[in-house]
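Chemist: Pasted the sequence and its predicted model underneath.
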Amino acid sequence: MIADVAAERALLRSVADGLLGLSPRVELGGEPRGQHHVMYAEVPAGRRGSWFGNKVRELLALFGLRGRIGIADDRFTALVAASTTARTAREDEDAVVCVPRGGSAAYLAPQPLSLLQLGPEVLHMLEALGVKTLGQFAELPPPSVMRPDRGGWDADFQALARGDGGAALTPYAPGGPIAE
């Protein structure tokens, strides 16, 4: 963990600049969560899967960093894939999980409902009704439980559970002084 906030921001921008060499669009992903920072990158056509994930791992290694990488059709599924890697591959903290195209709903279905940032009252009510997975939640009839726009997802909770977490990225623009 970097104690100097300015140094941490500079490091994150350097990583994002490097990602722009691999991807046409990169998003910084919001505030860090403890020692973890989320970044999103659009995977170039024909590069989906382990090739792209391994290139990102190589880039992180250049900065002395490690990361778990989730690749999916939408941001929420990619985040879940990267986050749940710790449970499935503890021996490989740098794992790459690639969800097949069109497979977000199937990948998310068995995942726990707690992955959604539902309020404790709503979560308790749903679990009391036997709704414990994202798939069970996605099958409920509308209206869904809505959430305020946090983290850039303009979708309702059921849309997230169905794998419709939005694919649009807020582009990162490289900055800094230009020296000649």
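Modeler: Yes, it's here.

Chemist: if I pick Leu65, what's in contact with it?
Modeler: Leu11, Val15 (C-beta atoms under 8 Å, 6 or more residues apart in numbering). All C-beta atoms are positioned from the backbone trio N, CA, C, and that covers glycine.

Chemist: end to end, how far does stretch 124-136 reach?
Modeler: 15 Å (C-alpha to C-alpha, to the nearest Å).

Chemist: Please enumerate residues in contact with that stretch?
Modeler: The contact list for stretch 124-136 (C-beta under 8 Å, 6+ apart) reads 105, 108-113, 115-116, 118, 137, 140, 160-161.

Chemist: Only the buried subset of these, as a PyMOL command please.
Modeler: In PyMOL, this line selects whichever of the contacts of stretch 124-136 come out buried by 16 or more other C-beta atoms under 10 Å:
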select buried, resi 105+108+109+111+113+115+116+118+137+160+161
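
Chemist: Identify the farthest-apart pair in the contacts of stretch 124-136.
Modeler: Ala105 and Leu118 (18.5 Å; C-beta to C-beta).

Chemist: buried residues in stretch 38-47?
Modeler: Val38, Met39, Tyr40, Ala41, Glu42, Val43.

Chemist: From those residues, which land in strands?
Modeler: By the criterion of DSSP state E, membership of these in strands covers Tyr40, Ala41.
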